[in-house]
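**Student:** Okay, sequence plus prediction incoming.
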Amino acid sequence: MNHVPVTFANGHPEKTYYDYVAMDQDRLRRFMLTMTALEETWPIGGVYDFSWVVEYVKNELGEAQVADGDRRVLFVDVGGAEGHAIRAIKREFPELPLDRFVLQDRQASIDRLGEDDALKEVEKMAIDFHVGQPVRGTFLFCFLSQ
């Protein structure tokens, strides 16, 4: 996680890449703008057909035995930053319930989200990408998205 080329070259070999980027607010802002621009270059919306998930949700909601606590997570956005992938999916498939989405990122990224109304129903989870995935049994994972 540390001793990577960019941190080594810039005199901070003990830092992770993300710690190095976060040292300078302007660099962090540019990094986040770059991540936002990736959604335009590599969009998730319009590329992947999530209609089968919509159908699953409709069928599941028709089953009286499905308890709220037993509802399966539909989508985990690993490294989701500002939730670009989740926002794109929700725009294209508004019938998908946001309370079944999980946005995972480093604690600093989760903290930057604050009380974003568009993502208020999404579960935000601070994780260490190098330790393991705590969410099991989900339908879809999007790794290190925008």
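**Tutor:** Here it is on my side, so go on.

**Student:** going forward, measure contacts between C-alpha atoms and count neighbours the same way
**Tutor:** Will do.

**Student:** Which helix or strand contains residue 32?
**Tutor:** Assigned by DSSP states H and E, residue 32 falls within helix 25-41.

**Student:** To what extent is residue 91 buried, counted in neighbours?
**Tutor:** 13 (other C-alpha atoms under 10 Å).

**Student:** could you give the mean pLDDT of the helix or strand encompassing it?
**Tutor:** Assigned by DSSP H and E, residue 91 belongs to helix 84-92. The average pLDDT within helix 84-92 is 87.

**Student:** Just list what it packs against, helices and strands only.
**Tutor:** helix 25-41 (3 or more C-alpha pairs under 8 Å, 6 or more residues apart in numbering; DSSP states H and E).

**Student:** again, only this time at 10 Å
**Tutor:** Under the contact criterion of 3 or more C-alpha pairs under 10 Å, 6 or more residues apart in numbering; DSSP states H and E, helix 84-92 touches helix 25-41, strand 75-78, strand 101-105.

**Student:** Helices of this protein, start to end?
**Tutor:** 5-9, 17-22, 25-41, 51-61, 84-92, 107-113 (DSSP state H).

**Student:** Could you export the fourth one as CSV, CA atoms only?
**Tutor:** Taking C-alpha atoms only, helix 51-61 is exported to CSV below (Å, rounded to 0.1, in the frame of the first residue of the first chain):
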residue,chain,number,x,y,z
SER,A,51,-33.5,-4.6,-15.8
TRP,A,52,-33.1,-8.2,-14.5
VAL,A,53,-32.5,-6.8,-11.0
VAL,A,54,-35.6,-4.6,-11.4
GLU,A,55,-37.6,-7.7,-12.2
TYR,A,56,-36.2,-9.5,-9.2
VAL,A,57,-37.1,-6.6,-6.9
LYS,A,58,-40.7,-6.5,-8.3
ASN,A,59,-41.1,-10.3,-7.8
GLU,A,60,-39.6,-10.1,-4.4
LEU,A,61,-41.9,-7.3,-3.3
